[in-house]
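Trainee: Sequence plus the predicted model coming up.
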Amino acid sequence: MKLITTLLSIILFNVSYGQNKAQLEPKLENISWISGNWTGEALGGIAEENWSKPSGGSMMAAFKLVKDGKVVFYEIEVIREVENTLILQLKHFNNDLKGWETKDETVDFPLKEITKNKVVFEGMTFEKVSEKEMNVYVDMHKKDGSIDVLKFNYKKN
């Protein structure tokens, strides 16, 4: 009986773990939980990220970092459906809206995987903690070639 109970426990664990790890199709409706107005502490200030609902084959966002009562920088972000996958693209701007990237340049993050509670792009991951909480992990490349991972913990407004 103990062996049967142990085997059933292992099977149930694997089934539930598999459901959380199951890959979803690269469609915007599978990541629509990202939409909303999010705020949290990050980079020594308050980060704000506002994501639209999917429409027209994309989702868009505006990001703002405020530190010591002043805007440090902005970002415009989009997640687009392109050739049966998703891509996250963004541009950075100083607090006076002067761009960091050239006019035709974007910072691109190709999709790696989507699960029920996670969207993994190459260099940026969105993780659904609950309906009102999300973590965003961003790979920051340092001059020495190493990578720091920044965690943004957001609460939905």
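Mentor: Cool, got the structure.
Trainee: which element is the residue nearest to residue 136 when sequence neighbours are not counted on?
Mentor: Closest residue in space to residue 136, ignoring its immediate chain neighbours: residue 152 at 4.3 Å, by C-beta to C-beta, 6 or more residues apart in numbering. To be clear about C-beta, it is placed using only N, CA and C from the backbone, and glycine gets the same treatment. Per DSSP states H and E: residue 152 is located in strand 147-156.
Trainee: shaky segments in this structure?
Mentor: 1-21 (pLDDT under 70).
Trainee: gap between the closest residue to residue 54 other than its chain neighbours and residue 113?
Mentor: Closest residue in space to residue 54, ignoring its immediate chain neighbours: residue 28 at 3.6 Å, by C-beta to C-beta, 6+ apart. Computed with C-beta to C-beta, to the nearest Å, the distance linking residue 28 and residue 113 is 15 Å.
Trainee: so which strand or helix has the residue nearest the centre of the chain?
Mentor: Residue closest to the average C-alpha location in the chain (C-alpha atoms, centre = their mean): residue 126, at 2.8 Å. Here residue 126 sits within strand 124-130, counting by DSSP H and E.
Trainee: and that strand, what does it pack onto?
Mentor: Counting contacts by 3 or more C-beta pairs under 8 Å, 6 or more residues apart in numbering; DSSP states H and E, strand 124-130 packs against strand 118-121, strand 133-141.
Trainee: Try it again at 6 Å.
Mentor: strand 133-141 (3 or more C-beta pairs under 6 Å, 6 or more residues apart in numbering; DSSP states H and E).
Trainee: Done for today, thanks.
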